[in-house]
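Peer 1: The sequence isn't on hand, but the structure is:
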Ligand code: ADP
Ligand code: MG
Ligand code: MG
Ligand code: MG
């Protein structure tokens with residue numbers, strides 16, 4: 001469909017598009033609503049109310065809405081997103097939405113409607129526990145990371161994939177907003193005046209800033225595997241039985257620990273919004289995510305790794321240990337940037353009592369600094385105590 005030209009879709013032209021593509025018949029009566037809550041994309045839900053058949057049309061915009069049209073962003077991220085979803089589907093189709101159609105020129109991905117599930121951040125905030133969330137995320141990550149890495153594919157093929165997923169605009173967002181700006185007095189930062197003392201303490205903490213700089217270098221240079229790149233709880237649909245990962249527009253070849261770190265960080269941010277006696281299941285989720293990741297990655301390694309690596313004794317353990325330590329560091333950056341950076345989380349911002357909210361955010365800043373300073377010694381089961389010591 002190269003004859004199409006890019007234009008932001010409307011509810012009317014989105015319906016025209018899905019009919020033209022024969023995803024619905026010409027005579028079907030359809031309703032279409034824009035349901036996107038992001039700042040970078042349009043998301044349309046198109047439904048036939050008679051048959052209940054529905055679809056999602058996601059389209060990238062050529063700029064970030066958060067700062068008006070002054071922050072241009074490459075439309076190529078739509079291709080990155082649909083390509084990543086299709087690669088993930090080769091290994092773990094149960095954990096991603098089906099892609100029905102994509103077009104690079106229109107910057108469109110048409111996919112399965114997951115509205116019967118809930119965005120897990122919203123569910124966690126409303127008290128849901130999602131008993132299988134960590135099992136599923138651990139399996140998802142072990143598969144996508146192992147099977148796109150040099151451990152499983154030939155070097156030449158891997159280098160082609162690295163090229164296919166070069167994603168400079170979206171990586172630049174992460175480089176700035178996760179690894180740099182929150183650690184300096186930068187104008188993208190956003191925090192309550194009541195946190196200024198703690199924020200200035202962070203800006204003066206040279207040891208913490210050094211760790212953030214080292215992690216930024218890993219993010220810039222470690223082309224380990226095709227990572228999701230934005231795996232917070234707002235990128236995961238769930239119910240008690242099902243988990244679906246969406247929104248891999250930040251995907252690129254990056255460090256093995258990054259997605260794990262972002263996911264863990266967002267569970268920790270949710271824990272900080274709950275009273276101590278209600279947090280337990282979140283630490284169980286963190287431990288289980290790591291346990292499932294480690295055992296699944298090991299199983300896949302034994303089954304499918306290419307020789308060069310699998311023959312060296314101790315090498316798998318080295319990879320796993322480094323992945324966890326990096327994940328802890330990336331989690332530290334994520335906790336900090338979600339507290340004082342440009343993009344916040346509803347888990348903390350939604351605490352309506354001002355004193356309680358400031359307390360939770362002070363604890364988040366302390367927690368983030370501790371994670372950054374103790375990457376080499378914190379095990380999954382240490383995180384509960386670490387959070388509780390920030391009181
Ligand atoms: P963005 O990249 O702009 O954050 P997302 O892919 O995260 O876009 O989608 C934004 C919102 O649109 C989601 O939070 C969800 O409410 C809705 N959405 C996205 N994909 C789907 C889908 N496959 N099924 C149902 N709703 C979806
Ligand atoms: Mg930059
Ligand atoms: Mg999103
Ligand atoms: Mg997105």
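Peer 2: All right, it came through fine. Every value quoted in this text rests on a predicted model; they were computed, and no experiment measured them. Ligands and ions are numbered 1, 2, ... in the order given.
Peer 1: so when I look at residue 172, I'm seeing a strand, right?
Peer 2: No: applying DSSP: H, G, I helix; E, B strand; the rest coil, one finds residue 172 to be helix, outside a strand.
Peer 1: okay, residue 223: pLDDT?
Peer 2: Listed pLDDT for residue 223 reads 98.
Peer 1: meant to ask about residue 38, not that
Peer 2: So residue 38 comes in at 62 (pLDDT).
Peer 1: show me where the stretch 151-300 of the chain has helices.
Peer 2: Counting by DSSP state H, counting those that start in this stretch, the stretch 151-300 of the chain has helices at residues 155-164, 168-177, 196-203, 206-221, 258-272, 280-304.
Peer 1: And the residue of the stretch 201-350 of the chain found nearest ligand 1, its phi and psi?
Peer 2: Distances between the stretch 201-350 of the chain and ligand 1 by CB to the nearest ligand atom are smallest at residue 247, namely 3.5 Å. C-betas here are computed from N, CA, C, even on glycine. Main-chain dihedrals, residue 247, degrees, to the nearest 10: phi 60, psi 50.
Peer 1: ok, it to ligand 4 distance?
Peer 2: Counting by CB to the ion, to the nearest Å, the gap between residue 247 and ligand 4 amounts to 4 Å.
Peer 1: from memory that residue sits against residue 81, does it?
Peer 2: Yes: the criterion here is CB atoms under 8 Å, and residue 247 meets it with residue 81 at 7.1 Å.
Peer 1: got the contact list for the nearest residue to residue 297 once chain neighbours are set aside?
Peer 2: Among residues not flanking residue 297 along the chain, residue 142 sits closest, at 4.3 Å (CB to CB, 6 or more residues apart in numbering). Counting by CB atoms under 8 Å, 6 or more residues apart in numbering, residue 142 touches 292-293, 296-297, 300.
Peer 1: hmm, 10 Å instead?
Peer 2: Residues near residue 142 by CB atoms under 10 Å, 6 or more residues apart in numbering: 91-92, 260, 292-301.
Peer 1: is the host helix or strand of residue 83 up against ligand 3 anywhere?
Peer 2: Residue 83 is part of helix 76-91 when elements are defined by DSSP states H and E. No: using CB under 5 Å from the ion, helix 76-91 stays clear of ligand 3, coming no nearer than 10.1 Å.
Peer 1: Give the other helices and strands that the next helix or strand after that helix contacts.
Peer 2: Sequence-wise, the next helix or strand downstream of helix 76-91 (DSSP H and E) is strand 99-103. Applying 3 or more CB pairs under 10 Å, 6 or more residues apart in numbering; DSSP states H and E, one finds that strand 99-103 contacts helix 11-20, strand 54-60, helix 76-91, strand 108-112.
Peer 1: how many neighbours does residue 312 have?
Peer 2: 10 (other CB atoms under 10 Å).
Peer 1: and the gap between it and residue 348?
Peer 2: 44 Å (CB to CB, to the nearest Å).
Peer 1: next one: residue 127
Peer 2: Taken as CB to CB, the span from residue 127 to residue 348 is 16 Å.
Peer 1: Over to residue 252?
Peer 2: In terms of CB to CB, residue 252 sits 28 Å off from residue 348.
Peer 1: Who has more neighbours out of those two?
Peer 2: Each of residue 252 and residue 348 has its neighbours counted (other CB under 10 Å); residue 252 has more, 23 against 20.
Peer 1: Which residues lie in contact with the more buried one in this structure?
Peer 2: 80, 84, 162, 164-168, 170-171, 174, 219, 223, 226-229, 258.
Peer 1: do that again at 7 Å, thanks
Peer 2: Residue 252 is in contact with 165-167, 171, 227, 229, counting by CB atoms under 7 Å, 6 or more residues apart in numbering.
Peer 1: In PyMOL, how would I select the buried members of those?
Peer 2: Only the buried members of the contacts of residue 252 enter the following PyMOL selection, criterion being 16 or more other CB atoms under 10 Å:
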select buried, resi 165+167+171+227+229
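Peer 1: out of the contacts of residue 252, who's nearest residue 327?
Peer 2: Using CB to CB, residue 227 is the member of the contacts of residue 252 that lies nearest residue 327, at 11.5 Å.
Peer 1: Not counting residues beside it along the chain, what's closest to the closest one?
Peer 2: residue 254 (4.3 Å).
Peer 1: Up against ligand 4, what does this structure have?
Peer 2: Checking the chain against ligand 4 by CB under 5 Å from the ion, the hits are 247, 249.
Peer 1: so where's the chain shaky on pLDDT?
Peer 2: Residue ranges of the chain with pLDDT under 70: 1-3, 38, 65-70.
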